[in-house]
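Colleague: Fold the following for me, if possible:
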Amino acid sequence: MIYLEIMVGFIAIMFIAMFLLGLKSQKGSAPGLVDGRLAPTDSKPNCVSSEAETQPKKKVAHLEGSLDQAKSAICKTGGIITTETNDYVAATYMSKIFKFVDDVELRDAGDGIVHIRSASRVGHSDYGTNKKRAASIRAAL
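Modeller: Residues are numbered from 1 along each chain as shown. Okay, here's the model as predicted:
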């Protein structure tokens, strides 16, 4: 019986921790452009990018089409656009249960190429979520 109580207590603590981490992720914003390019990925495996200098494990293919088409694909896949200029778009995606927020950024590189960066705001691993999100946006084009 004591093991059941310990297990229930552990699950409750984990649920509260995930809830608080979700709240933390709702604060902040996408990093934006750095020297005219999407921000580089960091050491955590929860970010992918199509920019040239991206590490191979975090590299995804760029999008083909216009920035407007890519914005439409973001909306089709559940993203909410938060920032928009002539050559840059930032959007957020929120998970259903714990309300974790991830950022997706687009940069119009010209000639029908749109670079994409998708990253989690909190945590270490995303279990491939950002790579799958970039692929779903590409498929929605």
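Colleague: Low-confidence ranges, this protein, go.
Modeller: 15-25 (pLDDT under 70).
Colleague: For it, just list every one of the strands.
Modeller: For the chain, strands defined by DSSP state E occupy the ranges 33-34, 37-38, 47-49, 63-64, 80-84, 88-94, 101-110, 113-120.
Colleague: which one of those lies closest to residue 74?
Modeller: strand 88-94 (4.8 Å; Cβ to Cβ). For glycine as for every other residue, the C-beta is placed from the backbone atoms N, C-alpha and C.
Colleague: could the strands of the chain be laid out in TSV, adding mean neighbour count and distance to residue 9?
Modeller: TSV is the format used below for the strands of the chain (neighbours: other Cβ atoms under 10 Å; distance: least, Cβ to Cβ, whole Å):
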stretch	mean neighbour count	distance to residue 9
strand 33-34	12	44
strand 37-38	19	43
strand 47-49	24	34
strand 63-64	18	46
strand 80-84	14	36
strand 88-94	20	28
strand 101-110	22	28
strand 113-120	23	28
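Colleague: mind checking which of these is nearest residue 7?
Modeller: Using Cβ to Cβ, the strands of the chain put strand 113-120 closest to residue 7, at 28.1 Å.
Colleague: Helices of the protein, start to end?
Modeller: Assigned by DSSP state H, the helices in the chain fall at 2-25, 67-76, 129-140.
Colleague: contact partners of the last one?
Modeller: In this case it means helix 129-140. With Cβ atoms under 8 Å, 6 or more residues apart in numbering as the test, helix 129-140 has contacts from 46-48, 50, 60-61, 63, 70, 72-74, 76-77, 79, 93, 102, 104, 116, 118-120.
Colleague: Which of the helices of the chain sits closest to residue 84?
Modeller: helix 67-76 (7.5 Å).
Colleague: Give the buried residues for the closest one.
Modeller: Buried residues in helix 67-76, counting neighbours by 16 or more other Cβ atoms under 10 Å, are found at 67, 70, 71, 73, 74.
Colleague: between it and strand 101-110, how many degrees?
Modeller: Interaxial angle, helix 67-76 versus strand 101-110 (axes from the mean of the first three to the mean of the last three Cα atoms, to 10 degrees): 160 degrees.
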